[in-house]
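Colleague: Next come a sequence and a model predicted from it.
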Amino acid sequence: MKKLIVAIDGPSGAGKSTVGKLLARELGYLYIDTGAMYRAIGLKAVREGLELKEGDALRALCARTEVRLVQDVVGLKVYLDNEDVSETIRTPDMGMAASAVSAQPCVRERLLQLQRRLGEGGGVVLEGRDIGTVVFPEAGVKFYLDANVEERARRRWMEFKEKGIETDLQKTIEEVSKRDYDDSHRDIAPLKKARDAVVVDSSGMGIKDVVTLMKTKVLEVAGN
Ligand code: DC
């Protein structure tokens, strides 16, 4: 059976990470969370007190920054210059910082190369905003995973709550809506559905059903 490149794009909170991880495990594929890479750059920029829209400063930062994704037994670890930042990047502020730096061409160029290198051999599930449109337009299967904004914000809010991060639901709805808008209106590689993507609306659907639906589609393509 062919080892495909599987692209999952969609707005924040649509369930891309949750189903991406499970789908990759079921297929025996590598899972690559590209948002984590933008979050790592955002974290470093915030720590250094950079203006997040400052292209030159971010270009210099990218040149002296290493971002690595490492698959270990407990899951995917994210390293920023050899520091494990897997948990540190999962806050509402880091989501907003990632979104801001991701609009800068120098940041996207740098991470695009890394993502292509990781995925080029196939047997990978990559999730993000521009995987099927820019990173791997030739991907074997493309999904656009969506859900209504209230449900996506509620899922994010639950995740934060479970981690002990205090935030209110209304604020999370506003942040998710702003991120949707910014990510889909930027000049470079905006979030949009690829023409040939399979749209999956996960509103009201259980995780297992979403994974089964996607796995069926991948196996169908891989078997032909
Ligand atoms: O998926 P996430 O919430 O971890 O992504 C954080 C931000 O990174 C998101 O708001 C936009 C940016 N991003 C991007 O521009 N392109 C990607 N392929 C992945 C994420």
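Modeller: Yep, that arrived. Values in this document were obtained by computation on a predicted structure and should not be read as measured data.
Colleague: How about Phe136: what's its closest non-neighbour residue?
Modeller: Among residues not flanking Phe136 along the chain, Ile5 sits closest, at 5.0 Å (C-beta to C-beta, 6 or more residues apart in numbering). Heads up, the C-betas are built off the backbone N, CA and C, glycines and all.
Colleague: Just grab the bridge partners of the one you found for me.
Modeller: Counting by DSSP bridges, Ile5 forms beta bridges with Val124.
Colleague: ok, it touching Ala139?
Modeller: Yes: using C-beta atoms under 8 Å, Ile5 is in contact with Ala139, at 4.3 Å.
Colleague: can you pull the contacts of the residue nearest to Phe136?
Modeller: Residues in contact with Ile5, defined by C-beta atoms under 8 Å, 6 or more residues apart in numbering, are 119, 122, 124, 126, 136, 138-141.
Colleague: quick revisit: please enumerate the shared neighbours of Ile5 and Ala139.
Modeller: With C-beta under 8 Å, 6+ apart as the test, Ile5 and Ala139 both reach Leu126.
Colleague: residues in contact with Met37?
Modeller: 67, 69, 78, 111, 114-115.
Colleague: Now find how far off-centre the strand or helix carrying it is within its chain.
Modeller: Using DSSP states H and E, Met37 sits in helix 34-47. Centre-to-centre, helix 34-47 and its host chain are 12 Å apart (C-alpha atoms, centre = their mean, to the nearest Å).
Colleague: pLDDT averaged over that helix - what is it?
Modeller: Here helix 34-47 scores 98 as its mean pLDDT.
Colleague: is it up against the ligand anywhere?
Modeller: Yes: remark: helix 34-47 sits within contact range of the ligand at 34-35, 38-39, by C-beta under 6 Å from any ligand atom.
Colleague: before we move on, the earlier item: now the contacts of Met37 in a markdown table, please, with extra columns for pLDDT.
Modeller: Output for these, formatted as a markdown table (pLDDT from 0 to 100):
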| residue | pLDDT |
| --- | --- |
| Val67 | 97 |
| Leu69 | 95 |
| Val78 | 97 |
| Leu111 | 97 |
| Leu114 | 95 |
| Gln115 | 97 |
